[in-house]
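A.B. asks: quick check, what structure comes out for this input:
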Amino acid sequence: MLKKNIVLHIGYPKCASTSLQENLFMKHPDILDLNFKGRYKDDSKISHQLKSLKDNLVFSTDISFDKNKALNNLRNIYNYFKEDLSNKIPIISNEDITNPWFTDLGVKAKIIKEVFNNPKIIILIRNQKELLRSLYDMMPHPLGKFHTGYSYSFIEWLNTSLKFESRSFIGALDFYKVVKKYFCLFDKKNVKVFLFEEFVENQEQFIEKISKFIGIDYKKSISLINKSNVKNSFHTHKLGLIAKKYTNYYPLSKILEYIPSSIKKKVKIQIIKKLEPYKLLKDEKEIINSFFYSSNKSLEKLLKIDLKKFNYY
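C.D. replies: Numbering: from 1, shown residues only. Here you go, the predicted model:
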């Protein structure tokens, strides 16, 4: 049915996923974007199939995974887009497939194998120190400790995660084990690891590499990225992060309804100050470096890429 391999972009989170989804995958004329939140979100007939497939990939456990349902979703999706599939490359992009908060990453890899057999797989990784810092910044922090901006310290969060490594998200950030798992299950030439740091350092070179791996016109890709001014997307509007960092479920607009207009401006200013990215302390960096040192050295050897350049160890 497919003339070209389906491509799965599986994350990691906080590694330019949104930028790639919104500025490349959704807009490139050679790509059939199968993200249920994308251009088909208002088409109930297909959005349900896309969401159901996504849920199977992201949330299923070894026991709950329904292979027949997933394959049926995929058949319905392919039938719906059969004309597009003749000249476009289908891509499913969802960073939650490697989201450390959800089910075991090894289970997810096996599920991908059962559903897609041998797709092309894109894995984007990021220096664990920066990735952990970014995850910490994005975690909900209740207003109860508004004076600090955080409900618990980074070191408390880190030490608890390390103590329960096998049951916490931090084990999922062992990139060497994850990549090795995908290399064992899939054709190595169809699994490609990209560095978030290379995206930041030289976007055009990064986009050319990822476009050639996907099999699309890289010049069109670069043009789309340049037009979108992706650099500005890193500087997310600070007030838009309030719901995630301070309030769990209550947006800033709701909170401000109960604040007298005379002090609203001061409150906004104070919140913005608290939204500055957390800066890791020296001992925190050393703990993370020590924990991932051996794994990152093995990954560097496996992929034959320079990870030291980007401070992975």
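
A.B. asks: and the strands in this protein?
C.D. replies: Assigned by DSSP state E, the strands in the chain fall at 7-9, 31-33, 89-93, 120-125, 191-195.

A.B. asks: low-confidence stretches in the stretch 51-200 of the chain?
C.D. replies: Applying pLDDT under 70 to the stretch 51-200 of the chain flags residues 140-151.

A.B. asks: what sits up against stretch 201-211?
C.D. replies: The contact list for stretch 201-211 (CB atoms under 8 Å, 6 or more residues apart in numbering) reads 20, 24, 122, 192, 194, 198-199, 217-218, 221-222, 225-226, 230-231. Heads up, the C-betas are built off the backbone N, CA and C, glycines and all.

A.B. asks: mind listing the helices for this protein?
C.D. replies: Using DSSP state H, the helices of the chain run over 17-20, 44-59, 67-80, 105-116, 128-138, 154-163, 175-185, 196-201, 203-214, 218-228, 242-245, 252-256, 261-274, 282-303.

A.B. asks: which one of those helices lies nearest to Phe310?
C.D. replies: Set against Phe310 and scored by CB to CB, the helices of the chain come closest in helix 196-201, at 4.1 Å.

A.B. asks: return the distance of the closest one from the chain's centre.
C.D. replies: Offset of helix 196-201 from its chain centre (CA atoms, centre = their mean, to the nearest Å): 14 Å.

A.B. asks: for stretch 56-76, same thing?
C.D. replies: 20 Å.

A.B. asks: which parts of it are buried?
C.D. replies: Residues of stretch 56-76 classed as buried by neighbour count (16 or more other CB atoms under 10 Å): 56-58, 60, 65, 70, 73-74, 76.

A.B. asks: quick one on the thing from earlier: any chance of JSON lines for the helices of the chain, columns distance to Asn35?
C.D. replies: As requested, these are arranged in JSON lines below (distance: least, CB to CB, whole Å):
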{"stretch": "helix 17-20", "distance to Asn35": "10"}
{"stretch": "helix 44-59", "distance to Asn35": "7"}
{"stretch": "helix 67-80", "distance to Asn35": "12"}
{"stretch": "helix 105-116", "distance to Asn35": "16"}
{"stretch": "helix 128-138", "distance to Asn35": "20"}
{"stretch": "helix 154-163", "distance to Asn35": "30"}
{"stretch": "helix 175-185", "distance to Asn35": "21"}
{"stretch": "helix 196-201", "distance to Asn35": "19"}
{"stretch": "helix 203-214", "distance to Asn35": "15"}
{"stretch": "helix 218-228", "distance to Asn35": "16"}
{"stretch": "helix 242-245", "distance to Asn35": "21"}
{"stretch": "helix 252-256", "distance to Asn35": "27"}
{"stretch": "helix 261-274", "distance to Asn35": "31"}
{"stretch": "helix 282-303", "distance to Asn35": "27"}
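
A.B. asks: sorry, back to before: any chance of the strands of the chain in CSV, with distance to Arg133 too?
C.D. replies: Shown next, in CSV, are those (distance: least, CB to CB, whole Å):
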stretch, distance to Arg133
strand 7-9, 23
strand 31-33, 30
strand 89-93, 24
strand 120-125, 15
strand 191-195, 17
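
A.B. asks: what's the burial count for the nearest residue to Leu280 once chain neighbours are set aside?
C.D. replies: Leaving aside its sequence neighbours, Leu280 sits nearest to Arg133 (CB to CB, 6 or more residues apart in numbering; 5.6 Å). Neighbours of Arg133 under the rule other CB atoms under 10 Å: 20.

A.B. asks: also Lys227?
C.D. replies: Using other CB under 10 Å, Lys227 has 10 neighbouring residues.

A.B. asks: Tyr218 reaches Lys212, doesn't it?
C.D. replies: Yes. At 5.8 Å, Tyr218 counts as touching Lys212 under the criterion of CB atoms under 8 Å.

A.B. asks: and the two? which has more neighbours close in?
C.D. replies: Shown here are Tyr218 and Lys212; by other CB under 10 Å, Tyr218 has more neighbours (18 against 13).
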